[in-house]
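Engineer: have a look; sequence and predicted model below, questions after that.
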Amino acid sequence: MAALQVESPSWMDGDLKIFEGEARKFLERECVPHAEKWIKQQHVDRAAWKKAGEAGLLCASTPEEFGGAGGTFAHEAVIIDLLGKMGIDGWGLVLHNAIVAPYVTHYGTDEQRKRWLPRLASGDLVAAIAMTEPGTGSDLQSVKTTAKLDGNQYVINGSKTFITNGGTANFVVVVAKTDPTQGSKGTSLIVVETDEVQGFRRGRVLDKIGQKANDTAELFFDEVRVPASNLIGPGPGQGFVQLMQQLPQERLIIALQAMAVIERALETTVSYVKERKAFGKQLIEFQNTQFKLAECKTEATVGKVFCNHLMDLHLNKKLDPFMASMAKLWLTDVQCRVVDECLQLHGGYGYMNEYPIARMYADSRVQKIYGGTNEIMKLLIARSL
């Protein structure tokens, strides 16, 4: 039995259920058998990206005319849910699909869309977005990386850190200052195809607490020259607005990821406490176990209903930054709380990496940090009061 008894939302129609079934088969066949290897080597094999492209899982919401699958964000939500529930959520496919590709789809020229989106959909290009810098986290207005126009080229200098897909990506959207004197109004998004430039180099693949299957890395740009036509948008200085417009979707993604892990943690733990015995009876028979799981299930049910509501809003273009911030804040807090309670019910085994709950515990903590820290979410929500 599923951990939650929440009705399927109205947007989950027959076509999406077929898509979910096919995506599940692909992930079971091509990803689950390799998940442990990816964790140990700290990156997903490049071949998996190509196979995902062939299966139609890359750029699922990108229009067909530009090489995508022609779906909606609902298709991305299905992928997010499956990755979380199947324990493959260290793969940066979601960032590629639903965070980076939309910058090209929404703000790129037709020439840029035709040049980049088909290769992103096929897996020939793997995407990353280079926002965070060693001295700049949530404060995107303070980025120090510069992109100076020199003839028909931009010359990029700077460093980035904590970049998801950073060890693999060959398509990097760089957040840079094209006019450092203008603050946020001098910020632009510029694409660097790393296979085609000089002066770009990767630093360490960072040794993280969790999310080890992802090659989160440092990136360095030393006099990197790219065509001026790689600027995303009608002109320089549009980057901060573009980032702000896409952040609600990014924060909804984090909430959906949290929800998938919450459900997996509950299902895994209910199964464990029904099998494990102590003092001559199953753990599920102890009142403390029942009460703890009852609390977790209640919070999870509220979270699921909230996520379904947010999806309805977003698919109807009504999701505002305040609701997205509330989703990110609350769901990631619930995720960490539920996973912690579930680990406790596993006892000492919960601390062993061979048990899924241990990995969920390590992987969950960063959810309250990236996409804007939960403290920043509170500041944003307060503006709606």
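Structural biologist: Ah, there it is.
Engineer: CA atoms for contacts and neighbours, from now on please.
Structural biologist: Noted.
Engineer: ok, Ala258 - contacts?
Structural biologist: Applying CA atoms under 8 Å, 6 or more residues apart in numbering to Ala258 gives the contacts Leu331, Thr332, Gln335, Ser364, Gln367.
Engineer: rerun that using 10 Å as the cut-off
Structural biologist: Neighbour list for Ala258: 80-81, 84, 252, 264, 303, 327-328, 330-336, 364, 367-368 [criterion: CA atoms under 10 Å, 6 or more residues apart in numbering].
Engineer: which residue packs closest to Arg225, ignoring adjacent ones?
Structural biologist: Val155 (4.6 Å; CA to CA, 6 or more residues apart in numbering).
Engineer: and that neighbour, which of the three is it?
Structural biologist: Here Val155 takes the strand state, with states given by DSSP: H, G, I helix; E, B strand; the rest coil.
Engineer: re the thing from before, among the contacts of Ala258, which are in helices?
Structural biologist: Among the contacts of Ala258, the members falling in helices are 80-81, 84, 252, 264, 303, 327-328, 330-336, 364 (criterion: DSSP state H).
Engineer: secondary structure class for Ala60?
Structural biologist: Using three-state DSSP, the structure places Ala60 in coil.
Engineer: doesn't Ala98 make contact with it?
Structural biologist: Yes - Ala60 is within contact range of Ala98, at 8.5 Å (criterion: CA atoms under 10 Å).
Engineer: overlap in contacts, these two.
Structural biologist: Phe73, Glu76.
Engineer: residue ranges with poor pLDDT in the stretch 1-150 of the chain?
Structural biologist: 1, 137-138 (pLDDT under 70).
Engineer: and the helices in it, which stretches?
Structural biologist: 14-30, 35-41, 46-54, 73-85, 93-95, 101-107, 110-122 (DSSP state H, counting those that start in this stretch).
Engineer: before we move on, what about the stretch 201-350 of the chain?
Structural biologist: Under DSSP H, counting those that start in this stretch, the stretch 201-350 of the chain gives helices at 239-275, 287-315, 321-345.
Engineer: report the angle between the helix or strand where Ile190 lies and helix 110-122.
Structural biologist: Taking DSSP states H and E as the criterion, Ile190 maps to strand 187-193. Here strand 187-193 runs at an angle of 60 degrees relative to helix 110-122 (axes from the mean of the first three to the mean of the last three CA atoms, to 10 degrees).
Engineer: packing partners of strand 187-193?
Structural biologist: Applying 3 or more CA pairs under 10 Å, 6 or more residues apart in numbering; DSSP states H and E, we find strand 187-193 packed against helix 101-107, helix 110-122, strand 127-130, strand 146-150, strand 153-163, strand 171-177, strand 217-227, helix 239-275.
Engineer: quick one: these as JSON lines, columns for distance to Lys281 too.
Structural biologist: Listed next are the helices and strands packed on strand 187-193 as JSON lines, based on distance: least, CA to CA, whole Å:
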{"stretch": "helix 101-107", "distance to Lys281": "52"}
{"stretch": "helix 110-122", "distance to Lys281": "52"}
{"stretch": "strand 127-130", "distance to Lys281": "50"}
{"stretch": "strand 146-150", "distance to Lys281": "64"}
{"stretch": "strand 153-163", "distance to Lys281": "46"}
{"stretch": "strand 171-177", "distance to Lys281": "55"}
{"stretch": "strand 217-227", "distance to Lys281": "48"}
{"stretch": "helix 239-275", "distance to Lys281": "9"}
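Engineer: identify whichever of these lies nearest to Ala2.
Structural biologist: Nearest of the helices and strands packed on strand 187-193 to Ala2, taken as CA to CA: helix 239-275 at 7.0 Å.
Engineer: in that closest one, what counts as buried?
Structural biologist: Within helix 239-275, the residues scored as buried using 16 or more other CA atoms under 10 Å are 239-240, 242-243, 246-270, 272-273.
Engineer: specify the angle between the strand holding Ile190 and strand 146-150 in degrees.
Structural biologist: Using the same axes, to 10 degrees: strand 187-193 against strand 146-150 is 80 degrees.
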